[in-house]
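Chemist: just coords:
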């Protein structure tokens, strides 16, 4: 049984896309702030934030355009049954996104653990988003699933905002400890 898409759910999808796009912008700003810090410390973790920015921007675009639904419908139109006890092929596409994000995040766990607050918010956001996908698959309850998607995206965006603020503080501390022209030993002309 298909349910009509109501304007509320459409609004929530747009809000989720906006939150993910904001999160992508914050991740990109983290990358910009941390990339020039040398080979150790924050600069070594900058690569994760660039990947996160690209992935979150792709997710925002997918949410806005419904790409995973379109891919799911295209696969289903070929007559292939949905695997893994899922109700739709779009669930499989979303599972692919989750597995890719998990693999990248696990590979860069050190970058994530540098900020315990951002790590906790990000883990909670991913958990809420995973719960939304699980509910969509098991119960197909959009009245619960769509607001959970929005809550997950908002938590992820908040986590990246927290990390970006911390990255700006790290960069500010690095700059304040550097010797500036005109400081240091006095030069006597002549």
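Modeler: Nice, I can see it. What you see is a predicted model, and the numbers here were worked out from it, not measured in a lab.

Chemist: got a pLDDT number for residue 188?
Modeler: Note on residue 188: pLDDT of 48.

Chemist: again with residue 88
Modeler: pLDDT, residue 88: 75.

Chemist: try residue 183
Modeler: If you check residue 183, the pLDDT there is 55.

Chemist: just checking, what packs against the helix or strand bottoming out on mean pLDDT in the chain?
Modeler: Between all helices and strands in the chain, the lowest mean by mean pLDDT, DSSP states H and E belongs to helix 89-107, at a mean of 81. With contacts taken as 3 or more Cβ pairs under 8 Å, 6 or more residues apart in numbering; DSSP states H and E, helix 89-107 sits against helix 42-65, helix 67-77, helix 116-138. For the C-beta atoms, the positions are set from N, CA and C on the backbone; glycine is no exception.

Chemist: For the longest one, buried residues please.
Modeler: Along helix 42-65, these residues count as buried under the neighbour rule (16 or more other Cβ atoms under 10 Å): 42, 44-53, 55-57, 59-60, 62-63.

Chemist: how far off helix 116-138 does the helix or strand hosting residue 28 point, in degrees?
Modeler: Using DSSP states H and E, residue 28 sits within helix 7-34. Counting by axes from the mean of the first three to the mean of the last three Cα atoms, to 10 degrees, helix 7-34 lies at 150 degrees to helix 116-138.

Chemist: Check what contacts the least confident helix or strand of the chain and list those residues.
Modeler: Helix 89-107 has contacts (Cβ atoms under 8 Å, 6 or more residues apart in numbering) with 48, 51-52, 55, 59, 62, 68-69, 71-73, 75-76, 80, 82-84, 86, 112, 126, 130, 133, 136-137.

Chemist: how about a cut-off of 6 Å?
Modeler: Outside helix 89-107, the residues within contact range by Cβ atoms under 6 Å, 6 or more residues apart in numbering are 51, 68-69, 71-72, 75-76, 82, 86, 133, 137.

Chemist: from those, which two are the most distant?
Modeler: By the measure Cβ to Cβ, the contacts of helix 89-107 have their two most distant members at 51 and 76, which lie 30.2 Å apart.

Chemist: where are the low-confidence patches of the chain?
Modeler: 1-5, 37-44, 84-87, 173-190 (pLDDT under 70).

Chemist: hey, which helix is longest across it?
Modeler: Ranked by residue count under DSSP state H, the longest helix found in the chain is helix 142-177.

Chemist: Please identify the buried residues of that helix?
Modeler: Buried-residue list, helix 142-177, by 16+ other Cβ under 10 Å: 142, 145-167, 170-171.
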